[in-house]
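J.: can you look at this prediction? I've put the sequence above it.
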Amino acid sequence: MKNFDFQNPTKIIFGKDTIAKLATELPKEAKVMMLYGGGSIKRNGIYDQVQAALKDFEVIEFGGIPANPEYDVLMEALAIIKKENVNYLLAVGGGSVIDGVKFISSAAYYEGDEPWDILKKRVRTFKGMPFATVLTLPATGSEMNSGAVITRASTKEKLTMGGPGLFPEFSILDPQVVHSVPKRQLANGITDAFTHVLEQYMTYPAGAFLQDRFSEGIMQTLIEIAPRIIEDPSDYEAASNFMWSCTMALNGLIQKGVPTDWAVHMMGHELTALYGIDHARTLAIIAPSHYRYNFEDKKEKLAQYAERVWNVKEGTLEEKAKAGIEKTEAFLHSLDIKTTLAEYTDDYEGTAEIIAERFRERNWLGLGERKKVTPEAVEEIVKMSYQ
Ligand code: NZQ
Ligand code: ZN
């Protein structure tokens, strides 16, 4: 096991009817901006619950943060925050709204001229404007981590940011919110969380037995609840296990003491930036090819995964490892998630070259747990994912 520090300051308030607790959890002196997405919260009752809990606070609302939170929209919110002396942010939404709020939190205290530099120059945030979240969609884990991914449509870029100043102060997780989530977003959430675990697990054995078991437990739980939640999103038992699995998949715990990969996400983000494909679906396109291309480096963990998560008991290590990739693809297909780029766009020729060139320009010369996924390897992996 590698050395590590672990600190996660986010308070989690989990369970039925917990949105009302906003009233007592927010600091009394807070001048709040409440930010949300395209309006689903107005149709499913979440907005009304938040309004009721905030009745004694001074609140400004900012709606319209799109999926894949857009820089220009977030800059509009930032201008209002400065004008109105807002001092506390409340994100009510999924990963896009929460990530958008993280950017605003950072930009509000940023001293440089151009807030895009936070992303472009990868400026870490040590102190941001305090914020909390009401999670409406289990998927990203953003409710309990300090990272964000921001999109800029004008340049077709999607870049990451983060730092210890960007943990939510608290997050309210009421699994009842899942009842209104459309099937497509449920499948996305399961796929995203599952891939988060893979990024922190599918590397090489590091003698971290507990972390491996945590990861396998999250994946097994997601596999178990997937058909139930897609069939009936108001199944509270399935929804609560789904929600907590997604949070645990990316709150820092399972990555401690182990090597991590994240190359699937880095390639996937480019597919969203170029084609607007949903985040989770880009991961499903890239992951199988990534594991096939890097088979020799990952085969021990692939075999362990096949054995423990999918109960593959027969065959050599290589055969089990291969079965692990095939089981993953079959699982994604069972969620109605397509796993090749050609199934999302006809315009895929040349994509691999564009992405490899972008990585070269950004000096991303060695991704993955061994830092050996070069731009040339990226080009091959993306090509393998076309069909
Ligand atoms: O915008 P509204 O109208 O609210 O609708 C949203 C949106 O259209 C809808 N939705 C959310 N909660 C709902 C609901 N519909 C009905 N009932 C509810 N209770 O779902 C749609 C998708 O929402 P979005 O927030 O975009 O989805 P998700 O949570 O999957 O977030 C995706 C974003 O997070 C980033 C992704 O790159 C992407 O931009 N990620 C953030 C990470 C992080 N901060 O740690 C890690 C991830 O790997 C990921 O990159
Ligand atoms: Zn993700």
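T.: Structure's in. What do you need? Numbers count the residues shown, from 1 in each chain. Ligands and ions are numbered 1, 2, ... in the order given.

J.: contacts and neighbour counts: CA atoms only from here.
T.: Noted.

J.: which SS class is residue 355?
T.: Look at residue 355: counting by DSSP: H, G, I helix; E, B strand; the rest coil, its state is helix.

J.: run the contact check for the strand or helix carrying residue 218 versus ligand 1.
T.: In this structure, residue 218 sits in helix 209-231 according to DSSP states H and E. No: using C-alpha under 6 Å from any ligand atom, helix 209-231 never reaches ligand 1; the gap is at least 13.3 Å.

J.: got a list of contacts for that helix?
T.: Outside helix 209-231, the residues that touch it by C-alpha atoms under 8 Å, 6 or more residues apart in numbering are 183, 186-187, 190, 194, 197, 201, 235, 238-239, 241-242, 245, 248-249, 254-258, 305, 308-309, 331, 335.

J.: could I get the average pLDDT for whichever helix or strand comes after it?
T.: Heading C-terminal from helix 209-231, the first helix or strand you meet, by DSSP H and E, is helix 236-249. Across helix 236-249, pLDDT averages out at 98.

J.: quickly check: the helix or strand following helix 236-249 near ligand 1 or not.
T.: Once the chain leaves helix 236-249, the next helix or strand it forms, by DSSP H and E, is helix 263-275. No: figure legend: helix 263-275 not in contact with ligand 1 (C-alpha under 6 Å from any ligand atom); closest approach 6.6 Å.

J.: now for helix 263-275, which elements pack on it?
T.: The contact analysis (3 or more C-alpha pairs under 8 Å, 6 or more residues apart in numbering; DSSP states H and E) places helix 263-275 against strand 157-162, helix 279-293.

J.: paired strands for the shortest one, with orientation please.
T.: Read it as strand 157-162. strand 147-152 (antiparallel) (DSSP bridges).

J.: who's in contact with the spatially most central residue of the chain?
T.: The residue lying closest to the centre of the chain (C-alpha atoms, centre = their mean) is residue 140, at 2.9 Å. Shown in contact with residue 140 (C-alpha under 8 Å, 6+ apart): 94, 95, 189, 192, 193, 246, 247, 250.

J.: these two touch, right, the fourth one and residue 282?
T.: No: in this structure residue 192 lies outside contact range of residue 282 using C-alpha atoms under 8 Å: 9.5 Å.

J.: more neighbours, these two?
T.: Counted by other C-alpha atoms under 10 Å, residue 192 and residue 282 do not tie: residue 282 has more neighbours, with 29 against 25.

J.: quick check: the more buried one vs residue 196, distance?
T.: Distance of residue 282 to residue 196, given as C-alpha to C-alpha, to the nearest Å: 13 Å.

J.: same thing with residue 51?
T.: Between residue 51 and residue 196 the distance is 33 Å, computed by C-alpha to C-alpha.

J.: of the two, which one has the most company?
T.: Taking other C-alpha under 10 Å, residue 51 and residue 196 do not tie; residue 196 has more neighbours (28 against 17).

J.: list the contacts for the closest residue to the more buried one other than its chain neighbours?
T.: Nearest non-adjacent residue to residue 196, counting by C-alpha to C-alpha, 6 or more residues apart in numbering: residue 249, 6.0 Å away. Residues in contact with residue 249 (C-alpha under 8 Å, 6+ apart) are 141, 193, 194, 196, 197, 215, 218.

J.: could I get those as a markdown table with secondary structure and pLDDT?
T.: Below are these laid out as a markdown table (DSSP: H, G, I helix; E, B strand; the rest coil; pLDDT from 0 to 100):
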| residue | secondary structure | pLDDT |
| --- | --- | --- |
| 141 | coil | 98 |
| 193 | helix | 98 |
| 194 | helix | 99 |
| 196 | helix | 98 |
| 197 | helix | 99 |
| 215 | helix | 98 |
| 218 | helix | 99 |
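
J.: identify the farthest-apart pair in those residues.
T.: Spanning the widest gap among the contacts of residue 249 are 141 and 215, at 14.3 Å by C-alpha to C-alpha.

J.: and stretch 356-368, what's buried?
T.: Within stretch 356-368, the residues scored as buried using 16 or more other C-alpha atoms under 10 Å are 356, 357, 359, 364, 365, 366, 367, 368.

J.: any idea how far ligand 1 is from residue 84?
T.: The spacing between residue 84 and ligand 1, counted by C-alpha to the nearest ligand atom, to the nearest Å, is 24 Å.

J.: cool, residue 182 as well?
T.: From residue 182 to ligand 1 the distance is 6 Å (C-alpha to the nearest ligand atom).

J.: could you give the backbone dihedrals for that residue?
T.: phi -60, psi 150 (degrees, to the nearest 10).

J.: thinking again about what came up before, what residues of the helix holding residue 218 count as buried?
T.: By neighbour count on 16+ other C-alpha under 10 Å, the buried set for helix 209-231 is 211-212, 214-223, 225-226, 229-230.

J.: ok, back up a step: so how do I select the buried members of the contacts of helix 209-231 in PyMOL?
T.: Remark: buried members of those, expressed as a PyMOL selection using 16+ other C-alpha under 10 Å:
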select buried, resi 183+186+187+190+194+197+201+235+238+239+241+242+245+248+249+254+255+256+257+258+305+309+335
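
J.: which strand residues bridge the closest residue to residue 130 other than its chain neighbours?
T.: In this structure, residue 130 finds its nearest non-sequential neighbour in residue 88, 5.4 Å apart by C-alpha to C-alpha, 6+ apart. Per DSSP bridges, the residues bridged to residue 88 are residue 32.

J.: burial count for residue 88?
T.: Neighbourhood size, residue 88 [other C-alpha under 10 Å]: 20.
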